[in-house]
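Asks: Sharing a sequence plus its predicted fold:
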Amino acid sequence: MKKFTRFIALTGIISIGTFLFQAQDVRLPANEDSNFDRVPYKTRMAYVSIPPQPHPLAIITGSDGYDNFNIGVDFAEVHLSVNPNRPPSIFAAWNINSGHWTNDGSNYSFVTPPAPNTAGDPWTAYDSLGNLFYITLNSSLSGTWVMKSTTNGQNWLAAVSGCTGNDRETMAADQTAGPFANYIYCGETPGNFARSTDGGASFTTTAFMSNTLPGFMMAVGAGPTGISGGAVYVVTSTGAFQAPTYTVYRSTDGGTSFTTQSTQSGWVNVVGTIVGNRNSYQNMRLRPYPFVYADNSFGPNRGKLYIVYCANNPPGDGNKPSIYVRFSADGGATFSGSVQINDDASPTANAHFHPAAWCDKQTGRLYCQWMDTRNTPTADSAEMFASLSTDGGITWAVNQNISTAKYRINCPSCGGGGTPAYQGDYNSIGSAGNISVLGWTDFRQGNFGSFLAYFPDYAMKVQPATDTLNSFADTAYFWVSVPSVKLYSYSVKFTDTLSPAPAAGTITLTLLNKTSNVLQDSLTSYPDSLRIRVVTSGGVTTGQYTVTVTGKGPGGTPIHKRTFTFYADPTIGIHNINSEIPREFYLYQNFPNPFNPKTNIRFDIAKSGHVKLKVFDITGKEVAVILNKEFNAGKYIIDFDASNNASGVYFYKLETAEYTNIRKMILVK
């Protein structure tokens with residue numbers, strides 16, 4: 001194998017900050033060379049004139065109870081990372097320079113990292129200390145800016161020059177405990193590699209590895225046996241865009257020098273359909289470059305190297321692409337055969353593209369996500385799918401649909417521009433343990449929506465949505481459930497909070513077992529549910545109250561929230577007459593009767609359980625549901641208001657698991 005070290009002289013390079021956007025870009029070919037991955041010039045210029053604005057979080061919950069988090073409207077091509085020291089601290093960045101950070105996995109804040117100028121293509125990484133690094137192309141397309149944050153993206157140190165080049169930069173951090181711990185590496189097309197040995201304060205170019213196509217990709221994994229410290233891998237892409245060659249390089253001395261490990265060809269052919277010298281599908285440009293990951297865990301696959309890519313199945317222009325992984329256990333010298341990750345029954349009839357993956361440092365799990373058309377018969381729409389491997393990429397779990405809605409692939413209203421259109425060339429996924437976070441650009445609302453989701457995940461529902469309680473002494477029960485899961489096998493712990501706090505009286509919230517009054521705040525098997533008991537006492541201030549129920553996995557994610565409301569009023573609702581527990585069930589005659597328009601209905605409940613009280617007209621048609629909830633044993637009275645009903649004879653029916661009775665009442669107006 002050939003050993004080499006090449007240093008790039010930095011003298012004579014004009015200061016990056018002195019370039020203007022337009023000064024360099026006027027030299028680009030008018031048709032935007034397909035060998036470049038960057039945002040089209042006209043589109044980029046339109047973007048910088050109207051930068052993105054902070055966007056309130058919108059949780060889009062599907063009918064099955066799963067969440068997608070819409071955290072903004074940015075400009076496609078997301079890269080995200082999860083803090084290995086403090087999950088669920090997450091940072092996600094979209095083009096051109098839009099950052100979103102969270103410290104709780106739920107509430108996201110918008111930030112613009114302070115690069116002096118930028119042409120986008122952001123990439124992120126955390127070191128083992130939890131420091132966040134962010135890289136972006138400079139506006140002259142001659143190099144990059146690198147910024148560091150010690151506060152998870154809330155604040156940033158001044159930008160420094162990173163690697164040099166003109167397209168598609170990437171970054172990785174050494175999270176091992178070896179002699180190169182917390183070195184920061186970056187690389188950029190056409191093949192310049194640089195490193196920082198001082199925590200991101202400065203970068204030095206140490207090597208050049210030719211990369212004529214977009215896709216100078218890198219990863220840091222465990223070093224080979226007998227070598228202390230991490231191994232740095234670089235995979236370059238050269239040759240024809242419809243048949244690229246991947247070359248694998250490895251450094252075991254902290255990026256000082258690299259060894260050519262192998263050259264791989266024939267893995268990738270056309271991805272989708274060739275339009276305007278670009279790979280595309282449904283007028284969305286695609287890319288054939290590899291994504292590279294390395295196992296840095298202490299699990300059975302420690303040190304393994306993975307390359308994830310997309311290629312037509314079968315080969316040939318116009319066929320449908322699938323998602324593949326190949327892995328190496330000898331540092332990239334040899335690789336396994338291709339393993340197809342998408343598991344649909346007819347993969348050649350469906351398109352699978354935009355893969356992104358991640359190898360978890362703690363567990364060695366390999367996660368993967370991609371866009372998928374298997375549920376869209378017209379093939380012009382897609383959803384986000386995901387899977388995971390626990391055996392080093394050999395086998396993959398049943399694919400899971402992550403999207404809560406389908407979205408059109410071709411999005412003219414998004415404003416990407418070009419034919420095929422720029423709508424982002426990649427998405428991203430990261431993790432810190434058994435739960436990953438997916439980031440993607442979603443077109444369901446006709447714009448570049450910035451979306452996130454958890455995987456594995458659980459559904460969450462709360463019912464009923466609303467109820468009414470008497471202010472002085474009343475009890476109501478709400479249900480929180482996990483009706484299904486997507487490869488999730490861990491506990492979910494629930495908490496509840498009330499808003500606003502009543503100015504007078506007391507509202508008590510208690511999480512209970514679903515069949516008894518035993519305190520319980522967690523679920524461990526699914527489907528399952530808990531009850532939330534709401535008790536009013538002491539004359540609660542009249543008004544509406546909201547309860548937010550939060551579910552969290554063991555590490556703080558997945559995190560999901562649901563709300564229900566109730567209205568407290570001293571003049572309405574049902575209330576317990578006294579503390580006596582009746583010996584038998586009984587439904588009393590309403591009083592007054594005849595009535596106009598209100599009457600009281602009394603009943604006795606001898607045993608706790610579900611109670612229904614309904615009103616029917618003379619034809620047997622249901623006209624009102626007064627009660628449909630859980631009750632403790634006791635004597636109760638409730639008001640019935642018939643203001644919206646016509647005069648006539650009505651029947652009211654009390655129904656429990658052990659007792660049913662019907663009585664007649666007369667409304668006279």
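Replies: Arrived safely, thanks for sending. Source: prediction; values computed, not measured.

Asks: Which pLDDT value belongs to the most centrally placed residue in the chain?
Replies: With the centre of the chain defined as its mean C-alpha position, the nearest residue by CA atoms, centre = their mean is Ala453, 1.8 Å away. pLDDT, Ala453: 98.

Asks: What helix or strand is it located in?
Replies: Using DSSP states H and E, Ala453 falls within strand 449-455.

Asks: Name the residues that touch the next helix or strand after that strand?
Replies: Sequence-wise, the next helix or strand downstream of strand 449-455 (DSSP H and E) is strand 457-458. For strand 457-458, the external contacting residues (CB atoms under 8 Å, 6 or more residues apart in numbering) are 66-67, 402, 435, 482, 484-488, 492, 526, 551, 553, 558, 560. The C-beta positions use only the backbone N, C-alpha and C, and glycine is treated the same way.

Asks: Double-check Asn313 against Asn350; I have them as touching.
Replies: No - with contacts counted by CB atoms under 8 Å, Asn313 stays clear of Asn350, the gap being 9.8 Å.

Asks: Got a ChimeraX select line for the buried ones in the contacts of strand 457-458?
Replies: Buried subset of the contacts of strand 457-458, written as a ChimeraX selection, criterion 16 or more other CB atoms under 10 Å:
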select :66,67,402,435,482,485,486,487,488,492,526,551,553,558,560
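
Asks: Sort out for me which of the contacts of strand 457-458 are in strands.
Replies: 67, 482, 485-486, 492, 551, 560 (DSSP state E).

Asks: Can you verify my assumption that Met665 contacts Pro597?
Replies: No - counting by CB under 8 Å, Met665 stays clear of Pro597, with 11.8 Å between them.

Asks: burial of Thr225, as a residue count?
Replies: 7 (other CB atoms under 10 Å).

Asks: nearest spatial neighbour of it, skipping sequence neighbours?
Replies: Distance criterion CB to CB, 6 or more residues apart in numbering; nearest residue to Thr225, sequence neighbours excluded, is Gly303 at 7.9 Å.

Asks: how close does Phe603 get to Leu627?
Replies: Taking CB to CB, to the nearest Å as the measure, Phe603 falls 9 Å from Leu627.

Asks: Equivalent analysis for Gln261, please.
Replies: From Gln261 to Leu627 the distance is 71 Å (CB to CB).

Asks: more crowded one of these two?
Replies: Under the neighbour definition other CB under 10 Å, Gln261 and Leu627 were set side by side, and Gln261 has more, 22 against 18.

Asks: if we take the contacts of strand 457-458, which one ends up nearest to Ala329?
Replies: Taking CB to CB as the measure, Leu487 is the one of the contacts of strand 457-458 closest to Ala329, at 25.6 Å.

Asks: give me the element Asn593 is part of.
Replies: Short version: Asn593 belongs to no helix or strand, going by DSSP H and E.

Asks: Give the burial count for it, as a bare number.
Replies: 15.

Asks: can you check Pro56 too?
Replies: Pro56 has 9 nearby residues by other CB under 10 Å.

Asks: got it, and Ala333?
Replies: Ala333: 15 surrounding residues under other CB under 10 Å.

Asks: How is the protein divided into domains?
Replies: Split into domains by automatic domain parsing, the chain comes to 3-455, 461-569, 576-667.

Asks: The residue nearest to the centre of the chain touches Asn70, doesn't it?
Replies: No - at 10.3 Å, Ala453 and Asn70 do not qualify as touching, with contact defined as CB under 8 Å.

Asks: How about residues contacting the strand holding Ala453?
Replies: 55, 66-74, 78, 80, 90, 92, 94, 98, 100, 367, 369, 384, 386, 388, 400, 402-403, 435-443, 486-487, 557-559.
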